[in-house]
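Chemist: sequence and predicted model, in that order:
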Amino acid sequence: MASAVDPARPPVPVSARTAAPAPPKAPKLPKPGNSLSAAAAMPTAEHVIGPKSVGVLFSYSADPDTGEMRAHSCSASVVDSPGRNLVLTAGHCAFGGAVVFVPWYRSEYTLDQQSYGFFRVGDFFRDNRYARGSKSADSDLDFAFGRLEPSSGGKNAQDVVGANTLARTPGFINDVTMVGYPSSHNPEDRAVRCSVRTQWLPNYNQIQAKCAGMWDGVSGGPWFSKIDWTSGVGEIIGNVGGFNGGGPAVGSSDPAYNQNTYSPMHGDWFFRLYDEAKKNQHVTRTGGYQQPALPYSMGSGETWSHARLLASGEYTGDGKGDLIVVWTDGEVTLYTGDGAGGFAGERRLAVPGPAWQGVKSLTGGDFSGGSGYDLLAVWGSGEVRILPDVGTNGLGLGIKLADSGSIWSHADQIAAGGFGTANNVSDLLVRWSDGELTDYTAVGDRGFGTEHRLLAANDAWKEATLVTAGDFTGAANWDTLVRWSDGRVSQFQETGPGGIGNEIQMAPPQSIWTHDVVMTAGSYDANGWADDLLIRWSDGETTMYAHTGAAFGAERTLVTPK
């Protein structure tokens with residue numbers, strides 16, 4: 001770039017140098033449920049030639065014809081406008097200085113040889129309430145537009161490379177392809193792309209994506225909801241930016257630095273700015289920025305790495321699935337469901353202390369016939385209690401079913417479900433320490449109901465590390481889900497008094513599911529089936545696999561990893 005020449009000179013045609021490589025095929029998006037929380041499964045950005053409508057922003061100390069060109073620091077994309085001359089970038093990329101935009105940038109060519117030339121940025125449009133590099137709410141406004149001057153032959157950028165359309169960010173969970181030009185850790189100095197599923201960035205009106213290799217320089221780069229790699233244009237619903245300029249506030253040696261990338265939501269304020277840029281208007285806004293209502297945040301992965309036991313159920317009696325968590329310090333909390341696959345709030349049921357630290361296993365079911373679900377808890381001592389209607393009554397002392405010192409000290413895993421009692425979640429599946437498997441039907445405040453041995457003591461089931469139950473097949477009886485010690489996940493369909501059911505494998509040995517620490521299944525959305533699988537992983541990340549059947553359902557991140 002130091003060899004910049006008069007931008008009025010027409011660029012050397014591609015055909016006169018080297019034919020441009022064929023545009024790359026769009027990569028396949030990861031299948032829902034296969035993108036585990038563990039870093040080992042995180043996608044990595046790949047080098048591509050890049051779509052011609054995306055390029056880099058270069059700043060320069062004087063005129064680009066004679067002045068020293070500095071390294072490119074941001075990415076940008078041409079967007080549709082009446083003047084055919086706008087690019088979208090990040091707000092933190094639009095703070096003064098002399099800047100040129102180079103579409104389809106190729107590092108092996110000098111400025112005058114770039115396939116589509118370069119365009120001076122005549123003006124930037126950004127929301128004045130945004131502070132560069134902000135870590136506060138105003139980082140929601142980290143987007144900007146640049147007005148480009150015509151280049152050679154008086155052509156505007158949109159006439160040369162086409163333009164992308166802009167659409168509102170539909171929600172926090174989207175399948176996107178990020179494109180940008182890293183200016184560090186990128187010796188090839190080429191564009192990268194990464195196709196990934198986004199999630200909400202807690203406490204901000206922003207989305208985040210997890211993909212390794214998104215280093216400095218991708219700021220402002222577009223997040224495509226769809227793109228035609230042949231024409232080089234598509235639909236954009238986000239751009240790299242937001243909190244701390246689009247990434248976590250950690251040092252570059254921290255893996256999260258290049259693995260977590262943020263984008264502001266493209267909503268009302270974004271499109272107001274877009275309209276002003278199209279009209280070449282600057283508007284000063286007063287009164288400060290007010291965030292829109294945000295979803296409830298369940299906290300951080302650091303906190304959730306201490307979630308020891310989980311139990312699903314409709315504890316509040318409103319027909320929406322809730323979650324009870326027993327923490328390592330003995331605290332017990334109730335997360336109330338919102339009926340849409342998420343949670344609306346948290347309520348403490350027990351303060352930290354030794355009483356609930358002694359609980360070995362836990363499950364939720366309708367054992368006492370009240371207005372909401374009950375808890376059935378087994379202590380390591382062998383004591384067993386039903387705690388009725390905990391959502392309205394609290395925990396209390398409950399109803400004792402077994403004393404300390406009983407055989408229930410050997411009940412390693414329990415799961416409530418409909419295992420033979422029609423229309424009631426009042427049956428109990430027990431995996432004993434010797435591998436025996438038992439189904440108790442019609443458990444209630446008068447006792448354990450009727451016992452059915454499903455499997456005699458055996459070594460195989462000693463390796464059943466985690467056991468939960470859900471209505472995954474929609475048949476008469478519920479199904480049992482097992483995570484084995486070697487990382488396999490099995491589903492046993494139609495568990496009941498007659499047997500554990502037909503086994504299907506959902507994950508192979510040595511799979512990412514070795515990182516599954518706690519799991520539970522419940523009905524967390526409007527379909528009324530207990531087919532939503534909730535997992536707490538070893539790094540504290542907590543995810544839900546909605547509408548799980550014979551395969552894991554669509555993945556939704558509830559808590560990001562620590």
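Modeler: Yep, it's here.

Chemist: quick check: Val482 touching Leu466?
Modeler: Yes - between Val482 and Leu466 there is a contact under CB atoms under 8 Å: 7.0 Å. The way it works is simple: take the backbone N, C-alpha and C, and place the C-beta from them, glycine included.

Chemist: and the two? Which one has more around it.
Modeler: Val482 (24 against 20; other CB atoms under 10 Å).

Chemist: check which helix or strand the more buried one maps to.
Modeler: strand 479-484 (DSSP states H and E).

Chemist: can I get that strand in PDB? Just the C-alpha atoms.
Modeler: C-alpha atoms of strand 479-484 as PDB (Å, rounded to 0.1, in the frame of the first residue of the first chain):
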ATOM      1  CA  ASP A 479     -38.100 -42.500  27.800                       C
ATOM      2  CA  THR A 480     -34.800 -42.800  29.700                       C
ATOM      3  CA  LEU A 481     -31.700 -40.900  28.700                       C
ATOM      4  CA  VAL A 482     -28.300 -42.200  29.900                       C
ATOM      5  CA  ARG A 483     -24.800 -40.600  29.700                       C
ATOM      6  CA  TRP A 484     -22.300 -43.400  30.200                       C
END
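
Chemist: and the helix or strand just after that strand with strand 479-484, angle?
Modeler: Using DSSP H and E, the helix or strand that follows strand 479-484 towards the C-terminus is strand 489-493. Orientation of strand 489-493 against strand 479-484 (axes from the mean of the first three to the mean of the last three CA atoms, to 10 degrees) gives an angle of 160 degrees.

Chemist: quick one: list the elements packing against strand 489-493.
Modeler: With contacts defined as 3 or more CB pairs under 8 Å, 6 or more residues apart in numbering; DSSP states H and E, strand 489-493 has these neighbours: strand 479-484, strand 502-507.

Chemist: how about a cut-off of 10 Å?
Modeler: strand 464-470, strand 479-484, strand 502-507 (3 or more CB pairs under 10 Å, 6 or more residues apart in numbering; DSSP states H and E).

Chemist: who does the strand holding Val482 touch, helix- and strand-wise?
Modeler: strand 411-417, strand 427-432, strand 464-470, strand 489-493, strand 502-507, strand 516-522.

Chemist: in a markdown table, list these along with distance to Gly398 and mean pLDDT.
Modeler: Shown next, in a markdown table, are the helices and strands packed on strand 479-484 (distance: least, CB to CB, whole Å; pLDDT from 0 to 100):
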| stretch | distance to Gly398 | mean pLDDT |
| --- | --- | --- |
| strand 411-417 | 15 | 97 |
| strand 427-432 | 15 | 98 |
| strand 464-470 | 21 | 98 |
| strand 489-493 | 30 | 98 |
| strand 502-507 | 34 | 97 |
| strand 516-522 | 20 | 98 |
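
Chemist: possible to save the helices and strands packed on strand 489-493 as TSV with distance to Ala311?
Modeler: Listed next are those as TSV, based on distance: least, CB to CB, whole Å:
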stretch	distance to Ala311
strand 464-470	10
strand 479-484	15
strand 502-507	22
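
Chemist: and the end-to-end length of stretch 387-395?
Modeler: Chord length of stretch 387-395, first to last residue, is 6 Å (CA to CA, to the nearest Å).

Chemist: and it, how far out from the chain middle?
Modeler: 32 Å (CA atoms, centre = their mean, to the nearest Å).

Chemist: pLDDT on that stretch, on average?
Modeler: Averaged across stretch 387-395, pLDDT comes to 94.

Chemist: what about the chain, any weak spots by pLDDT?
Modeler: 1-41, 61-70, 422-423 (pLDDT under 70).

Chemist: and the helices in it?
Modeler: Under the criterion DSSP state H, the chain contains helices at 14-17, 157-161, 256-259, 268-278, 301-304, 354-357, 390-393.

Chemist: what residues are up against the most centrally placed residue in the chain?
Modeler: Most central in the chain under CA atoms, centre = their mean is Gln199, positioned 3.4 Å from the mean C-alpha point. Applying CB atoms under 10 Å, 6 or more residues apart in numbering, we find Gln199 in contact with 172-174, 207-210, 543, 555-558, 560.

Chemist: which of the helices of the chain sits most buried?
Modeler: Sort these by mean neighbour count, taking mean count of other CB atoms under 10 Å, and helix 157-161 sits at the top with a mean of 22.

Chemist: how far does it sit from the chain's center?
Modeler: For helix 157-161, the distance to the chain centre is 35 Å (CA atoms, centre = their mean).

Chemist: what's it packed up against?
Modeler: Applying 3+ CB pairs under 10 Å, 6+ apart, one finds that helix 157-161 makes contact with strand 54-60, strand 74-79, strand 86-89, strand 98-103, strand 119-126, strand 144-148.

Chemist: dump those strands to a markdown table, plus distance to Thr441 and mean neighbour count.
Modeler: Output for the helices and strands packed on helix 157-161, formatted as a markdown table (distance: least, CB to CB, whole Å; neighbours: other CB atoms under 10 Å):
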| stretch | distance to Thr441 | mean neighbour count |
| --- | --- | --- |
| strand 54-60 | 61 | 25 |
| strand 74-79 | 61 | 30 |
| strand 86-89 | 61 | 28 |
| strand 98-103 | 68 | 24 |
| strand 119-126 | 65 | 20 |
| strand 144-148 | 64 | 25 |
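
Chemist: right, I'll call it a day here.
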